[in-house]
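> Need coordinates for the below:
(chains A and B)
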Amino acid sequence: MPRPANVSPQTLRLLDVLLDQPEAWHYGYDLSRWTGLKSGTLYPILIRLADQGWLTTRWAEPERSGRPPRHLYRLTAEGTRQATASASARATHAASTTSARATPRATWRPSTGVAGA
Amino acid sequence: MIPARRLPDLVAARAARALLAWSAGRVDPWDRVWIDAMRGEVDEIGGGWAQLAWAAGALRLVWIARSRAARRELGAWPEAAHIVAGGVVLAVMSLVAFATNVPDLRQTSPAQVFGFLVLYVVVAGFLSGHRTGRVVTGAWAGVACGLALATVVCVAAFITAAHVGVGEVARSGFVGLVGIAWGAVGFFVVLGAACGALGALAVTHGRRQPR
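This is a model prediction of the structure:
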């Protein structure tokens, strides 16, 4: 039986962060900080999500001269739909199984999401 | 003048950039985009050690990219594996022919036998190249077939030696016999690689010709 796509805790953490501002473009380093994922874990997930069409990417001009351009990431419509469905399913599952227990949710604060750029 | 206290940090920052540049050179252009993306972020990270930790992630990307490339390469092998299997069958048949003298190889001229072998590896390379579109795969198929044939030659030589007798072989020089066997392996590997590549080159070159 094939394993369902994008269900690892790391991927779900990343999708949660991206879903919080689905219209905004995000830098890789910001995503790493917000999710707590190391670059060696984060980028393979980004590659896989982009390959599956869940994520769109673009290059941004460097803010200061002499610096390399930066890569930006944003959920596609399909990615947003799938991530929302996944989050809803998890929320339903969590509500039905751990209704008695309060589960602390990891909090994060986006600082430099490039909204609508 | 750089304070000595900051020197390790600067070295780590320099190492991070070197590692990212090295990693970018180890993957194909499609995967290089992602390492370039990591390079774009490294200046945003404060501290040389943190930059080095970030750059270390590129090694995982290189590993993943190369594993994927290797799997793609291996994906081409099942096609060539049929040719290799054919080579093994031919080697077994040749061994039987050597052992039973059917057909009588002593009455067949060496030129005819050699021509048949060369034709076989060229055809093996041609078929592999035709299936995979890769000259390298054709060359590998040729090498595999060459090794199969070399095995036959070596086994036949040792069977002959066993008939003559171990004592006789010892007198005539067992080391010499092993040398001949290694020589046969080298000869057939080179012959297989050359003829297999030639066969594959013929078909891939033919495909590139404008119609």
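
> mind listing the helices for chain A?
Taking DSSP state H as the criterion, chain A carries its helices at A:9-20, A:28-35, A:39-51, A:77-97.

> Which residue would be the closest one in chain B to chain A?
Distance from chain A to each residue of chain B (C-beta to the nearest C-beta) is smallest for B:Gly57, at 3.0 Å. Quick note: C-beta positions are derived from backbone N, CA and C, even for glycine.

> Number of residues surrounding that residue?
24 (other C-beta atoms under 10 Å in any protein chain shown).

> Where does the prediction get shaky in chain A?
Low-confidence segments of chain A, defined by pLDDT under 70, span residues A:1-4, A:98-117.

> how many neighbours does residue 22 have?
If you meant another chain, say so; for now it's chain A. By other C-beta under 10 Å, 15 other residues sit near A:Pro22.

> I was after chain B.
As a burial measure, B:Trp22 scores 14 neighbours (other C-beta under 10 Å).

> and if you look at the one 3 residues further on?
Here the number of neighbours of B:Gly25 (other C-beta under 10 Å) works out to 10.

> Contact residues of chain A facing chain B?
Residues of chain A found near chain B (C-beta under 8 Å from any C-beta of the partner chain) are A:27-29, A:32, A:38-44, A:46-47, A:57, A:62, A:67-71.

> Find the residue at the geometric middle of chain B.
Centre of chain B computed as the mean C-alpha position; nearest residue by C-alpha atoms, centre = their mean is B:Trp140, 5.6 Å away.

> pretty sure B:Arg39 is touching B:Leu19, no?
No. Applying C-beta atoms under 8 Å as the test, B:Arg39 and B:Leu19 come out as separate, 10.1 Å apart.

> contact partners of the helix or strand where B:Arg17 lies?
Secondary structure assignment for B:Arg17, by DSSP states H and E: helix B:7-24. With contacts defined as C-beta atoms under 8 Å, 6 or more residues apart in numbering or on different chains, helix B:7-24 is touched by B:2, B:32, B:35-36, B:38-39, B:42, B:47-49, B:51-52, B:54-56, B:58-59, B:61-62.

> For A:Thr57, give me its contacts.
Residues in contact with A:Thr57 (C-beta under 8 Å, 6+ apart) are A:46, A:50, A:71-74, B:37.

> for chain B, where's the lowest mean pLDDT among helices and strands?
Using mean pLDDT, DSSP states H and E, the weakest-scoring helix or strand in chain B turns out to be helix B:166-172, at a mean of 57.

> counting contacts, what elements does the next helix-or-strand element following that helix pack onto?
Later in the chain than helix B:166-172, the nearest helix or strand by DSSP H and E is helix B:174-208. The criterion is 3 or more C-beta pairs under 8 Å, 6 or more residues apart in numbering or on different chains; DSSP states H and E, and the helices and strands that helix B:174-208 contacts are helix B:110-132, helix B:135-164.

> Save those helices as CSV, and put in mean pLDDT too.
Formatted as CSV, the helices and strands packed on helix B:174-208 follow (pLDDT from 0 to 100):
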stretch, mean pLDDT
helix B:110-132, 73
helix B:135-164, 76
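
> Can you say which of those is packed in most?
Neighbour counts averaged per stretch over the helices and strands packed on helix B:174-208 are highest for helix B:135-164, at a mean of 21; criterion: mean count of other C-beta atoms under 10 Å in any protein chain shown.

> No further queries at this time; thank you.
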